[in-house]
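S.K.: got a predicted structure here, sequence first:
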Amino acid sequence: MNHAKELFFDLDHTLWDFEKNADETLAELYEIYELNQYSDHTPEEFAAIYHRINDELWELYNEHKIEKAFLRTNRFVQTFKEMGYPEGQIPNNLWEQYLEICPTKLNLIPDAKEVLSFLSSNYKLHLITNGFKETQHRKLKHTGLDQFFDTLTISEELGIQKPDPRIFETALKNAGSNRKTGVYVGDNFNADVMGGIRSGWNVFWYLPKKEKDRPAFEHPQLVRIKKLKELLNHF
């Protein structure tokens with residue numbers, strides 16, 4: 001990677017600890033709305049159901065099969081239905097409270113700030129995210145990650161999502177970079193790994209856990225890392 005001049009990062013699950021921040025938010029909402037009134041599911045079970053449904057709906061959103069508003073509200077509607085909640089008792093504004101609280105959470109992937117701080121002294125750093133612009137900006141501001149990035153390329157502002165090659169092309173243009181000097185770091189196999197490689201990028205696949213459903217994929221433009229600190233061995 002000696003040719004690299006710019007490093008591009010994904011945000012959720014790569015730098016910002018989505019699961020931990022979401023779990024904290026959901027636990028707060030479980031107490032605020034006293035969700036144990038109509039269901040015997042624990043806060044942990046509530047979070048597990050939500051995460052599964054949220055992941056499924058995000059896949060549909062990235063494939064342009066559902067709209068933003070549907071994703072934001074129905075992930076909770078479907079969660080409560082699976083928990084056996086009476087339809088008339090589903091809290092209507094819980095999803096708004098979630099969006100208000102969650103982006104203010106401060107949990108980051110281990111060593112994220114230290115790695116970004118070190119790399120930013122020698123490289124220009126950029127962000128490519130499939131998230132919604134208002135929530136992603138709030139996450140960056142509250143965690144202080146915004147100080148490290150020269151440019152932000154956010155899918156909602158473009159109307160396209162990773163793995164669409166156009167979002168990677170736009171990120172290069174925003175950064176004044178090119179594939180020869182740009183390197184991408186992300187966690188999602190389809191959006192980040194395949195999206196980056198099919199767009200001609202060198203990609204670091206952040207893969208902290210050994211999961212059975214992860215594809216056994218090899219490519220000359222791909223490097224696996226289990227910890228963000230491993231990036232420092234390459235730059």
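M.R.: The structure has been received and is ready for your questions.

S.K.: how about the strands in the chain?
M.R.: Applying DSSP state E to the chain gives strands spanning 6-9, 124-129, 149-154, 182-186, 202-206, 222-225.

S.K.: buried set for the last one?
M.R.: Just to be clear, that refers to strand 222-225. Of all the residues in strand 222-225, those buried under the rule 16 or more other Cβ atoms under 10 Å are 222-223, 225. The way it works is simple: take the backbone N, C-alpha and C, and place the C-beta from them, glycine included.

S.K.: again with stretch 223-235
M.R.: Buried positions in stretch 223-235, judged by neighbour count with 16+ other Cβ under 10 Å: 223, 225, 228, 231.

S.K.: go on, stretch 102-114?
M.R.: For stretch 102-114, burial by neighbour count (16+ other Cβ under 10 Å) applies to 102-103, 105, 107-109, 111-113.

S.K.: okay if I get the residues you listed as JSON lines plus pLDDT and distance to Trp95?
M.R.: Output for these, formatted as JSON lines (pLDDT from 0 to 100; distance: Cβ to Cβ, whole Å):
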{"residue": "Cys102", "pLDDT": "97", "distance to Trp95": "10"}
{"residue": "Pro103", "pLDDT": "97", "distance to Trp95": "13"}
{"residue": "Lys105", "pLDDT": "98", "distance to Trp95": "16"}
{"residue": "Asn107", "pLDDT": "98", "distance to Trp95": "21"}
{"residue": "Leu108", "pLDDT": "98", "distance to Trp95": "24"}
{"residue": "Ile109", "pLDDT": "98", "distance to Trp95": "25"}
{"residue": "Asp111", "pLDDT": "97", "distance to Trp95": "32"}
{"residue": "Ala112", "pLDDT": "98", "distance to Trp95": "27"}
{"residue": "Lys113", "pLDDT": "97", "distance to Trp95": "30"}
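
S.K.: out of those residues, who's nearest Gly182?
M.R.: Closest to Gly182 out of the buried residues of stretch 102-114 is Ala112 (19.8 Å), distances taken as Cβ to Cβ.
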